[in-house]
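next comes the sequence, and after it the predicted model I'd like to discuss.
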Amino acid sequence: MPTPDEVIALQQALAEALKRNESLAGELRVTRAERDLLKEKLSKFSRQLFAASSEAAVLQKDMFFNEAEDLGAQAEPATEESGDNDDSDKIDVPGHKRAKRGRKPLDPALPREVIRHELPEGERVCPHDGARLSEIGVEASEQLDIIPQQVRVIR
């Protein structure tokens with residue numbers, strides 16, 4: 001059984017712990033309130049930054065265009081300056097280069113085998129008037145044919 005002095009000491013220690021706990025609880029409440037306020041500010045700024053523009057912004061945009069139109073109506077038309085340095089006002093812009101479309105051509109050093117598909121003699125006559133048909137166009141395509149230990153191009 002504890003002595004009366006020990007009981008008094010334990011009661012005092014308990015009271016001090018409760019006081020510290022209350023002060024810590026108060027600090028915790030203040031910290032939570034500050035955190036909540038900062039979260040509110042963050043969400044407000046996020047809405048301002050990422051939300052859709054309001055109608056006021058659209059109206060302001062129209063004011064700028066109307067202002068420019070008013071200034072344009074009051075302005076004098078542009079006149080051509082006569083002088084020796086006409087090229088100084090011009091800017092040279094190089095043309096754009098685009099890559100060629102389609103496949104790259106096959107290596108011209110590869111051996112080629114030409115295959116022609118022609119109509120038989122009996123089908124080279126027009127069925128309507130009996131005139132001889134003549135070649136009017138040629139379509140050529142190249143296909144890479146790889147034979148083991150041999151590479152060639154079929155055209």
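Received, thanks. Residues are numbered from 1 along each chain as shown.

I'd like to know how far the residue minimising distance to the centre of the chain sits from L42.
Centrality entry for the chain: nearest residue to the mean C-alpha point is F50, 18.2 Å, by Cα atoms, centre = their mean. In this structure, F50 and L42 are 12 Å apart, going by Cβ to Cβ, to the nearest Å. Where you see a C-beta, it was placed from the backbone N, CA and C, and this is true even at glycine.

pull up the overlap in contacts between the two.
Shared contacts of F50 and L42, defined by Cβ atoms under 8 Å, 6 or more residues apart in numbering, are absent.

what's the distance between the helix or strand hosting N21 and the middle of its chain?
Per DSSP states H and E: N21 is located in helix 4-50. Averaging C-alpha positions (Cα atoms, centre = their mean, to the nearest Å) puts helix 4-50 48 Å from its chain's average.

now do that helix, average pLDDT.
In this model, helix 4-50 has a mean pLDDT of 87.

ok, back up a step: any idea how far the residue nearest to the centre of the chain lies from K41?
In terms of Cβ to Cβ, F50 sits 15 Å off from K41.
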